[in-house]
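Chemist: Sequence unavailable; structure follows:
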């Protein structure tokens, strides 16, 4: 059992040695990487040190006008940080300045249906299948003239990063993926899992009903539902109301409910995708391996993390230079442990 003092100390650790100490708490599935030089240490910072981004931008990319934060030198090596659900770019509000100070050009986009990201056409189907979101990131990279980037993400962001690394490895310098390999296997999604694990996914099944859809469409119920998810999946994160409200503002996007509902229904085979993405989904259905340098993180206090938290269940999906770490935090790893997350990005960039 980790006591509160030790827990607080661990979240402030920012050096490579500190990250190794975090891994040592639970053991690691670690292959010694071939580092491209010594990775610098990221300074210690407390979660919540920042509350906003200094600059927000918009860029037309593919089907979208993408809202995004950008920090760091314009010609620095690129890092793209991808959020999950129910979160937004503020998951990286402390991570981004740490990486910018290391000389990285940090891009943090609102995913489709979130924040200031908008569809360019009212006629575009509000599709949230996994390959569509991945192609949004490719379009964003093209629009920003970024040929190759380190991709870092959690939740939807981990899934998207894994897809990019698997299908477009020439665009991904390295990958940080919370919870490891999350590419959706729709065939497997049709099979039941343990009742305890099914219980954790309660909102996925709620969204499969018209009642759940109506809840997401009502701003008051959407607010309370997403707040409940935060409380459940990050049981030791002592965030305040203002922290949640800054992110909840992104849920007032006019396409938010449609995107969220389609995402979860599509995963379960309850909603159709679009034929233009079939070739990508066919490739993803083969569960392709990821060969780019990768660092995976298991958040030990996240109810979605199955024991033992050592990454062994997905280790075989990563065939390149690889390291696994375990952190004593909940689901929203970059916001709960920003220094450790930023250090993971810097370290994987030096594999």
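Modeler: That came in fine, so what should we check first? Because the structure is predicted, anything quoted here is derived from the model rather than measured.

Chemist: so what's the residue positioned nearest the centre of the chain up against?
Modeler: The C-alpha lying nearest the average C-alpha coordinate of the chain belongs to residue 154 (CA atoms, centre = their mean; 2.2 Å). When the contact criterion is CB atoms under 8 Å, 6 or more residues apart in numbering, the partners of residue 154 are 82-84, 91, 177-179, 331-334. The way it works is simple: take the backbone N, C-alpha and C, and place the C-beta from them, glycine included.

Chemist: Mind putting these into TSV with pLDDT, distance to residue 225 and secondary structure?
Modeler: Formatted as TSV, the entries for the contacts of residue 154 read as follows, by pLDDT from 0 to 100; distance: CB to CB, whole Å; DSSP: H, G, I helix; E, B strand; the rest coil:
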residue	pLDDT	distance to residue 225	secondary structure
82	99	22	strand
83	98	17	coil
84	98	15	coil
91	98	18	helix
177	98	26	strand
178	98	22	strand
179	98	21	coil
331	98	15	coil
332	98	16	coil
333	98	22	helix
334	98	22	helix
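
Chemist: If you rank these by neighbours, which is first?
Modeler: residue 334 (33 neighbours; other CB atoms under 10 Å).

Chemist: Now do that residue against residue 48, distance only.
Modeler: Remark: distance between residue 334 and residue 48 (CB to CB, to the nearest Å) = 12 Å.

Chemist: Who is residue 153 paired with across the strands?
Modeler: Taking DSSP bridges, one obtains residue 82, residue 177 as the residues bridged to residue 153.

Chemist: Checking my notes, residue 339 in a helix, right?
Modeler: Yes: inclusion of residue 339 in a helix is indicated when DSSP: H, G, I helix; E, B strand; the rest coil is applied.

Chemist: isn't it right next to residue 49, touching?
Modeler: No: assessed by CB atoms under 8 Å, residue 339 is found out of contact with residue 49, at 9.7 Å.

Chemist: Looking at these two now, which is surrounded by more residues?
Modeler: When residue 339 and residue 49 are compared for neighbours, residue 339 comes out ahead with 26 against 12, by other CB under 10 Å.

Chemist: Residue 261: neighbour count?
Modeler: Around residue 261 there are 23 other residues, counting by other CB under 10 Å.

Chemist: let's have the chain start at 28 instead
Modeler: From this message on, residue numbering opens at 28, which makes the last subject residue 288.

Chemist: What helix or strand is it located in?
Modeler: Secondary structure assignment for residue 288, by DSSP states H and E: helix 283-294.

Chemist: tell me what that helix is packed against?
Modeler: Helix 283-294 sits against helix 229-233, helix 237-244, with contacts defined as 3 or more CB pairs under 8 Å, 6 or more residues apart in numbering; DSSP states H and E.

Chemist: and the next element down the chain from that helix?
Modeler: Secondary structure here is assigned by DSSP H and E; on that basis, the next helix or strand after helix 283-294 toward the C-terminus is helix 305-311.

Chemist: mind listing the strands for this protein?
Modeler: Here the chain has its strands, by DSSP state E, at 83-88, 91-98, 105-109, 132-136, 145-146, 176-180, 199-205, 321-326, 349-354.

Chemist: want to throw those into JSON lines with distance to residue 307?
Modeler: Compiled in JSON lines, the strands of the chain are given as follows (distance: least, CB to CB, whole Å):
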{"stretch": "strand 83-88", "distance to residue 307": "17"}
{"stretch": "strand 91-98", "distance to residue 307": "17"}
{"stretch": "strand 105-109", "distance to residue 307": "17"}
{"stretch": "strand 132-136", "distance to residue 307": "19"}
{"stretch": "strand 145-146", "distance to residue 307": "19"}
{"stretch": "strand 176-180", "distance to residue 307": "17"}
{"stretch": "strand 199-205", "distance to residue 307": "15"}
{"stretch": "strand 321-326", "distance to residue 307": "20"}
{"stretch": "strand 349-354", "distance to residue 307": "24"}
